[in-house]
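J.: Just a sequence and a predicted model for now, questions to come.
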Amino acid sequence: MPKRVLLGTVVSDRTDKTIVVSVERRFKHALLGKIVRRTKKYQAHDETNEWKSGDRVRIEECRPISKNKCWRVIGGEHIETV
């Protein structure tokens, strides 16, 4: 079975080797017919502490690493700050 891959934005990088990623999904409401946005936060494993707040990252489902952490960062793009 393939692993799920999600694209999101890092919202917190305070803890060691862990980042919090906010993933947004859009869908059409069944009754109203308008587009609705829903966000969910995932804790992901960042082995090298490379990713900072604001970066766009791709996370992949993996085995449980801790109580709340069962996602791993597989790549993304850094946001340049001037």
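T.: Great, that's in hand. Quick caveat: nothing in here was measured; it's all calculated off a predicted structure. Numbering: from 1, shown residues only.

J.: The residue lying closest to His78 once chain neighbours are set aside and Lys28, how far apart?
T.: The shortest distance from His78 to any non-neighbouring residue, by C-beta to C-beta, 6 or more residues apart in numbering, is to Asp55 (5.4 Å). Every residue, glycine included, has its C-beta placed from N, CA and C. Taking C-beta to C-beta, to the nearest Å as the measure, Asp55 falls 29 Å from Lys28.

J.: When those two are compared, which one has more neighbours?
T.: Asp55 (18 against 9; other C-beta atoms under 10 Å).

J.: Enumerate every residue touching that one.
T.: 9-10, 76-79 (C-beta atoms under 8 Å, 6 or more residues apart in numbering).

J.: Check Cys70 too.
T.: 61-64.

J.: any chance of those in JSON lines, with secondary structure, distance to Val23 and neighbour count too?
T.: Compiled in JSON lines, the contacts of Cys70 are given as follows (DSSP: H, G, I helix; E, B strand; the rest coil; distance: C-beta to C-beta, whole Å; neighbours: other C-beta atoms under 10 Å):
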{"residue": "Glu61", "secondary structure": "strand", "distance to Val23": "12", "neighbour count": "15"}
{"residue": "Cys62", "secondary structure": "coil", "distance to Val23": "16", "neighbour count": "15"}
{"residue": "Arg63", "secondary structure": "coil", "distance to Val23": "20", "neighbour count": "6"}
{"residue": "Pro64", "secondary structure": "coil", "distance to Val23": "19", "neighbour count": "9"}
